[in-house]
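> Sequence below, structure please.
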Amino acid sequence: MRYIVVIGIAAIASLPTLVTPVRAEIEYPWCAQYSGGEEGGGRNCGFSTLEQCRATISGMGGFCEPNLFYPGSASDTSQRKRKRQH
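Just a heads-up that it's a prediction; the model follows:
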């Protein structure tokens, strides 16, 4: 009987080492804020580029903005940077 209890405790103690943590959420730099009229809109922060976001909201309304929870800067992901004219 003790043998079974010891094996059970050892098995339970080893479970945390067998489980690998997985990050389920991946943050992307751009968010689409959909307009929804009276019902409110939705929000989708799953865009790698501003162009992807704009293509998604095209025709349905809304706007794109940088994801404030993205660890980098959304402006770093733009393909072309504007030159400032003096």
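
> distance of Ser58 from Tyr70?
Between Ser58 and Tyr70 the distance is 22 Å, computed by Cβ to Cβ, to the nearest Å. Quick note: C-beta positions are derived from backbone N, CA and C, even for glycine.

> of these two, who's got more company?
When Ser58 and Tyr70 are compared for neighbours, Tyr70 comes out ahead with 16 against 9, by other Cβ atoms under 10 Å.

> so which helix or strand takes in that one?
Using DSSP states H and E, Tyr70 falls within no helix or strand.

> was I right about it contacting Tyr28?
Yes - counting by Cβ atoms under 8 Å, Tyr70 touches Tyr28, with 6.6 Å between them.

> Which neighbours do the two have in common?
Jointly contacting Tyr70 and Tyr28 under the rule Cβ atoms under 8 Å, 6 or more residues apart in numbering are Cys45.

> After the lowest-mean-pLDDT helix or strand in the chain, heading C-terminal, what element do we hit next?
Counting by mean pLDDT, DSSP states H and E, the chain has its least confident helix or strand at helix 2-18, which shows a mean of 60. Going down the chain from helix 2-18, the next helix or strand is strand 30-34, by DSSP H and E.

> what's that next one packed up against?
Contact partners of strand 30-34 among helices and strands, from 3 or more Cβ pairs under 8 Å, 6 or more residues apart in numbering; DSSP states H and E: strand 43-47, helix 50-57, strand 62-66.

> need these in a markdown table with mean neighbour count, can you?
Listed next are these as a markdown table, based on neighbours: other Cβ atoms under 10 Å:
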| stretch | mean neighbour count |
| --- | --- |
| strand 43-47 | 17 |
| helix 50-57 | 17 |
| strand 62-66 | 17 |
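
> so which of those comes closest to Ser35?
strand 62-66 (4.9 Å; Cβ to Cβ).

> For Tyr34, give me its contacts.
Contacts here follow Cβ under 8 Å, 6+ apart; on that basis Tyr34 touches 41-44, 57, 60-62.

> I am finished for the moment; much appreciated.
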